[in-house]
Each structure stands twice: as structure tokens, then as C-alpha cells.
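In: Got a sequence here, can you model it:
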Amino acid sequence: MADVRIVEDDLSGEDIQALVALHLAGMHASSPACKVHALPVASLRAPGVTFYAARVGDAVAGMGAIKQLDPKHGELKSMRVAPEWLGQGVGEAMLLHLLAVARARGYARVSLETGRGPAFDPALGLYRKHGFVSCDAFADYVVDDFSQCLTLAL
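Out: Below is the predicted model of the structure:
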């Protein structure tokens, strides 16, 4: 995809806050309430979390964040593409950006938790395309019939 700019973002803009709200609503619609691990704006501003917006021109096209779990392990959070940009490479551009950030920080691996089912299949395909494999639970997650964890050694 041409002209995607990925920039660190402070989450102050209405457009990015709307995409975070859309993401949270989507996670609540597709997940059991106790399995929604998506972060609201305040948590995306927490120490140890770096948030990025993908923009095409002035439009917000996607978002993603990386959270430091320890000096060698990062977690991908809040990956989402705005509906009008789906299928245009924005998600892949964000994933590649976050992996580059992880490598620059010296992480040995990055991991993520996600759900199961049709709502999660496109993201799972993207992660697997880039080498992510299933792994045991990490941090405070629990792998079960709904939640799954993936990791990528860097």
C-alpha cells in the first residue's frame, strides 16, 4: 500500500479515539465479556505502552501498540484497521512497523493474545503469514476454548 504513514500518537485526536472505541465495541461484540483484553485510551497511554496510528493523508487508517513485558519480550496490542481501509495492506504495514520497533528495542520475541472464530480469522492469517506460532499463555492470559496466544522469535 502506498502512502501509509505510521507515527507514534498520543491518542488526543477525535479520529483515533473513535477508532479505539470501534475496536473496543468490536471486541465486546465478538468476545465473552471476561475475555475482552483490548485496552481503552487511558491504558494505551500507560507507561510501557507505545501507541501508533497509521494514516493515509489526513485519514486514520489503522492503529497498533506495543507493550514492554520485560526487557526482551514485547506484546502487540490494539491492532485494528478502520473499516474503509480493510484489505488494503494497512494491517500488514502496522504489523511490520511494530516488529521493527521490537527489533530496535532488542526484544527476543513478541507475543499476543487473541480470540478464536470468524471475527479473528483475518488477523490470525496475517500473524501466521509473518511467522507467529501458537504458544503457552504469557503474562496474565489463560489459553482456553476462546483465547489463544501466539509468539514470534525475533
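In: Which other helices and strands does the longest strand seen in the chain contact?
Out: Ranked by residue count under DSSP state E, the longest strand found in the chain is strand 59-70. Judged by 3 or more Cβ pairs under 8 Å, 6 or more residues apart in numbering; DSSP states H and E, the packing partners of strand 59-70 are helix 14-30, strand 49-56, strand 73-81, helix 90-105. Every residue, glycine included, has its C-beta placed from N, CA and C.
In: Quick check on residue 151: phi, psi?
Out: Main-chain dihedrals, residue 151, degrees, to the nearest 10: phi -140, psi 160.
In: cool, residue 6 as well?
Out: Dihedral angles for residue 6 - degrees, to the nearest 10 - are phi -110, psi 120.
In: on that earlier part again, quick check: which of the helices and strands packed on strand 59-70 is nearest to residue 36?
Out: Evaluated over these, closeness to residue 36 peaks at helix 14-30, with 4.8 Å, by Cβ to Cβ.
In: rewinding a little: and the longest strand of the chain with helix 14-30, angle?
Out: Between strand 59-70 and helix 14-30, the angle comes out at 70 degrees (axes from the mean of the first three to the mean of the last three Cα atoms, to 10 degrees).
In: Could I get the average pLDDT for strand 59-70?
Out: Strand 59-70 shows a mean pLDDT of 98 in the predicted model.
In: Neighbouring strands - and their directions - for it?
Out: strand 49-56 (antiparallel), strand 73-81 (antiparallel) (DSSP bridges).
In: rewinding a little: could I get the helices and strands packed on strand 59-70 in TSV, plus columns for mean neighbour count and mean pLDDT?
Out: Below are the helices and strands packed on strand 59-70 laid out as TSV (neighbours: other Cβ atoms under 10 Å; pLDDT from 0 to 100):
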stretch	mean neighbour count	mean pLDDT
helix 14-30	15	95
strand 49-56	20	98
strand 73-81	23	97
helix 90-105	18	98
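In: What strand or helix carries residue 123?
Out: Assigned by DSSP states H and E, residue 123 belongs to helix 121-129.
In: List the buried residues for that helix?
Out: Using 16 or more other Cβ atoms under 10 Å as the test for burial, helix 121-129 gives 123, 124, 126, 127.
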